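Visitor: I'll drop the sequence and a predicted model, then ask my questions.
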Amino acid sequence: MRTCVGCRKEDESEAMIRLVLGDGGMLAVDLAGRTFGRGAWAHPRTDCLVRACRGGAAKSFKTAISTDAATLVTAVRAAADRRVEALLSSARGAGRIAPGSDVARAAFEQGSAKLVLVAADGRATAHLGFVGVAASRGMAILWGTKDRIGRAIGRPGTAVVAILDDGLSEAIARAIAIEPALLLFDEPLSNLDVTLREETRGELRELVGRLGLTAVYVTHDQEEAFALCDRISVMAGGRILQTGKPRDLYEHPAQLSVGRFLGRNNLIRVMRLSSSKSELGEFKTLDGGHIIRIPVDDKNLVPLNQPCVLAIRPEHVLISSSNANGENAFPATVREINFAGATSSIKFDAQGLILEALALDADGIAVGNQRTIILPSERIALLKNE
């Protein structure tokens, strides 16, 4: 068993890669295990390699590491490709592979194939039925190009190779697993302190983008999701509630659970008063009895005189010192002020309707003051009932 210098978890050495220290604190990758000297072990996952560069390897080697995460991930991927090429090259002429679609198909149908290696640019392979069957059994792997496979086995343009040897197939599968088509991050930063977590998540996003990777990131931290992801799915009870771009989900939650989960929100219980034929929906708040008007869409409407919920973010609530009488403007009393650094959270009581607003500058506002709060109609979301 070995301990990963990234996540600090123990695992079999076959599931890890060995890192060795070179000149100037540079890390090198020893996939074949043939480099002498002291080494450190890491899972070939991007998050573990990032952590290794951020201090894990330095602690193991007891010296500063000069390799950055992107360089190490690129080196690991390149080493994996070289390892596969070397394995294929050593196997040719030894009866351990069956190169070419016809020979590979025969080996697969006879049950002698342990693994089917398919070139990513082999268009014809999509029409080979046995490749699909092999993939459904977990026996087919995409790797390299026809030229790369051809050079390794001495047969230019080969798109399919059946691996006939158990040990060889396992070695190739382990090497290719280092370069997955999809990365899964399952709360990888949850054990880090706040500062290191923010630094590492920025580095992760830059790394995934620079290397052209696709990643699925699982987290309970909404700020982490907003900072890292291009698209977000909110799940509850094993069911996807809403999927979309971060800003769309934040500003336009589709239902109550999403509105509650994704950040602070003023959730206003209301009753619909207007006709479904009206383009401007009219709602009456159950607390305070205020009238709120917003543009509505038929598909989002609830039945007339049925309770529903409107949502507006605290940062979108406007505060006015004048007695404004416009649409969605209510007189309110300052109930509570909480300083939070860059902003202050101010809670208002509008005749029983409690609303929160964020202010960059709360000077001149005190508890008990009278203000007018304004809810811009374009910032209000009508949430679906659940």
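Guide: In hand now; what should we look at? As the structure is a computational prediction, the values presented were derived from the model and not from experiment.
Visitor: and the residue nearest to residue 337 when sequence neighbours are not counted, how many neighbours?
Guide: Among residues not flanking residue 337 along the chain, residue 346 sits closest, at 5.3 Å (CB to CB, 6 or more residues apart in numbering). C-beta here means a position set from N, CA and C on the backbone, and glycine is covered the same way. Counted with other CB atoms under 10 Å, the neighbours of residue 346 add up to 25.
Visitor: distance of residue 346 from residue 364?
Guide: Distance of residue 346 to residue 364, given as CB to CB, to the nearest Å: 12 Å.
Visitor: Equivalent analysis for residue 66, please.
Guide: 53 Å.
Visitor: which of those two has more neighbours?
Guide: residue 66 (14 against 7).
Visitor: State the pLDDT value of the nearest residue to the more buried one once chain neighbours are set aside.
Guide: Excluding the flanking residues, the one nearest residue 66 by CB to CB, 6+ apart is residue 25, at 3.9 Å. Residue 25 carries a pLDDT value of 83.
Visitor: show me the contacts for residue 25.
Guide: 63-67 (CB atoms under 8 Å, 6 or more residues apart in numbering).
Visitor: quick one: which of those has the most company?
Guide: Counting by other CB under 10 Å, top hit in these: residue 65 with 23 neighbours.
Visitor: so it is in which element?
Guide: Using DSSP states H and E, residue 65 maps to neither a helix nor a strand.
Visitor: The stretch 201-350 of the chain: strands as residue ranges?
Guide: 215-218, 232-236, 239-244, 266-272, 280-285, 291-295, 307-312, 318-320, 329-339, 344-350 (DSSP state E, counting those that start in this stretch).
Visitor: any chance of those in TSV, plus distance to residue 135?
Guide: Output for the strands of the stretch 201-350 of the chain, formatted as TSV (distance: least, CB to CB, whole Å):
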stretch	distance to residue 135
strand 215-218	20
strand 232-236	26
strand 239-244	26
strand 266-272	47
strand 280-285	51
strand 291-295	49
strand 307-312	45
strand 318-320	57
strand 329-339	56
strand 344-350	54
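Visitor: could these go into JSON lines alongside distance to residue 141 and mean pLDDT?
Guide: As requested, the strands of the stretch 201-350 of the chain are exported to JSON lines (distance: least, CB to CB, whole Å; pLDDT from 0 to 100):
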{"stretch": "strand 215-218", "distance to residue 141": "20", "mean pLDDT": "86"}
{"stretch": "strand 232-236", "distance to residue 141": "28", "mean pLDDT": "90"}
{"stretch": "strand 239-244", "distance to residue 141": "29", "mean pLDDT": "91"}
{"stretch": "strand 266-272", "distance to residue 141": "49", "mean pLDDT": "92"}
{"stretch": "strand 280-285", "distance to residue 141": "55", "mean pLDDT": "89"}
{"stretch": "strand 291-295", "distance to residue 141": "52", "mean pLDDT": "91"}
{"stretch": "strand 307-312", "distance to residue 141": "47", "mean pLDDT": "90"}
{"stretch": "strand 318-320", "distance to residue 141": "57", "mean pLDDT": "91"}
{"stretch": "strand 329-339", "distance to residue 141": "55", "mean pLDDT": "92"}
{"stretch": "strand 344-350", "distance to residue 141": "53", "mean pLDDT": "94"}
